[in-house]
Each structure stands twice: as structure tokens, then as C-alpha cells.
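S.K.: Could you work out the structure for the sequence below:
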Amino acid sequence: MAINSTTIATDLVLVMDNGVGASGQALTKARKYGDVKIAAVNDDIYAVAQSISGLQDKSLVAVQRKDTVEIENV
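M.R.: Numbers count the residues shown, from 1 in each chain. As a prediction, the model looks like this:
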């Protein structure tokens, strides 16, 4: 049985600092940007994330790349 996987979508997620909760835990807020080119390299995605984060009021905690992969039996 051969399984093929194909990336069908890529999203950029910026995880932003959203303060501190009532019990002292760090709170975050995720901002998702869709329709990223699947072929985009991580260095370029990170550079775009840095540019976008400069426009935000909150500070950047993490940059995430979310790939959606379709798996099929061939």
C-alpha cells in the first residue's frame, strides 16, 4: 500500500502576547494569515511575519507555519 501526501494549503500564524491571566498564566492571541504560497521557504515566511508584527500593538511570541496535507492511498 503506497500513501501519497500533498500539501494543499499553507497558513502563517502569529502568536501575540495578550497579557497575564487572573492566576498568573501568560495569555496569547493567534492571528492567522491564509493563502500563503505552498512553495514559500521558511526564511521568507519568517521575514514577512517580522514585518507584519511591526504593525501590531502586541509583541510577537512565536511564528508558526501551518501546512494542510491531503493523504491518499494510491
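S.K.: Check the secondary structure at the residue nearest the centre of the chain for me.
M.R.: By C-alpha atoms, centre = their mean, the mean C-alpha position of the chain lies nearest to residue 13, the distance being 2.6 Å. Secondary structure, DSSP: H, G, I helix; E, B strand; the rest coil: residue 13 is strand.
S.K.: residues touching it, list them.
M.R.: Contacts here follow C-beta atoms under 8 Å, 6 or more residues apart in numbering; on that basis residue 13 touches 30-33, 63-66. C-beta here means a position set from N, CA and C on the backbone, and glycine is covered the same way.
S.K.: And the helices in the chain?
M.R.: Taking DSSP state H as the test, the helices found in the chain are 42-53.
S.K.: Surely residue 28 and residue 15 touch.
M.R.: Yes - here residue 28 reaches residue 15: they are 5.1 Å apart, a contact under C-beta atoms under 8 Å.
S.K.: Find the residues that touch each one of those two.
M.R.: residue 61.
S.K.: Tell me how far residue 71 lies from residue 4.
M.R.: According to C-beta to C-beta, to the nearest Å, residue 71 and residue 4 sit 7 Å apart.
S.K.: Thanks a lot, catch you later.
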